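Enquirer: dropping the sequence and predicted coords here.
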Amino acid sequence: MALKPDDAGTDDERTVLQFLDMWKARDVEGMLAAFTDDASYIDMPLPPRRGLAEIRTYIEALFTAFGVEIETLHIASNGPVIFTERVDYLTLNDGSRPPVPLPVTGVMEMRDGKIAVWRDYLDLGTAEAGLGLKIRSDAEPEAGA
């Protein structure tokens with residue numbers, strides 16, 4: 001059963017769950033508002049995106065190719081560090097393939113109620129094979145993976 005913001009045990013957990021819910025709506029402005037100005041976002045094994053401009057560029061590039069709906073299975077925190085176990089469902093915008101379930105473990109470091117560092121650990125090959133796209137390090141999805 002997917003967790004919702006009301007299931008959070010702390011304010012930081014609630015912020016993270018609200019942020020993850022924004023992906024389905026493609027609420028880029030809401031997502032960016034959840035980050036500190038100097039935040040970093042890292043989808044392992046891709047290089048980090050540092051600062052709001054790079055994070056925006058990456059998220060917007062992803063949304064040009066596919067949508068994301070996130071099912072959060074578990075959440076835990078240790079002080080300002082939030083851990084999530086999730087399944088991210090990736091769906092091509094043209095609907096040409098079924099949604100790709102992508103298991104993800106995320107770690108978010110919070111500062112003053114905002115995300116300062118976000119690291120997601122995932123198998124990029126699973127996403128690329130399911131979508132038929134190559135997700136390059138410069139954030140531009142490319143057909144034909």
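Expert: Sure, I can see it. Residues are numbered from 1 along each chain as shown.
Enquirer: hey, let's count contacts and neighbours off CA atoms from now on
Expert: Will do.
Enquirer: which residue ranges form the strands in this structure?
Expert: 35-44, 49-50, 66-78, 81-92, 100-111, 114-121, 133-135, 141-143 (DSSP state E).
Enquirer: do you know which of those lies nearest Gly9?
Expert: Judged by CA to CA, the one of the strands of the chain that comes nearest to Gly9 is strand 66-78, at 8.4 Å.
Enquirer: who are the packing partners of that closest one?
Expert: helix 11-25, strand 81-92 (3 or more CA pairs under 8 Å, 6 or more residues apart in numbering; DSSP states H and E).
Enquirer: ok, it: who's next to it in the sheet?
Expert: strand 81-92 (antiparallel) (DSSP bridges).
Enquirer: got any ranges where the protein has weak pLDDT?
Expert: Along the chain, segments meeting pLDDT under 70 span 136-145.
Enquirer: hang on, the earlier thing: can you redo the helices and strands packed on strand 66-78 as JSON lines with distance to Gly130 and mean neighbour count?
Expert: Formatted as JSON lines, those follow (distance: least, CA to CA, whole Å; neighbours: other CA atoms under 10 Å):
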{"stretch": "helix 11-25", "distance to Gly130": "19", "mean neighbour count": "19"}
{"stretch": "strand 81-92", "distance to Gly130": "9", "mean neighbour count": "20"}
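Enquirer: ok so, going back, right, so of the strands of the chain, which gets closest to Thr15?
Expert: Among the strands of the chain, if distance is taken as CA to CA, the winner is strand 114-121, at 7.5 Å.
Enquirer: just checking, what packs against that closest one?
Expert: Against strand 114-121 (3+ CA pairs under 8 Å, 6+ apart) you get helix 11-25, strand 35-44, strand 100-111.
Enquirer: dump those into TSV; add distance to Gly51 as well.
Expert: Listed next are the helices and strands packed on strand 114-121 as TSV, based on distance: least, CA to CA, whole Å:
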stretch	distance to Gly51
helix 11-25	17
strand 35-44	5
strand 100-111	14
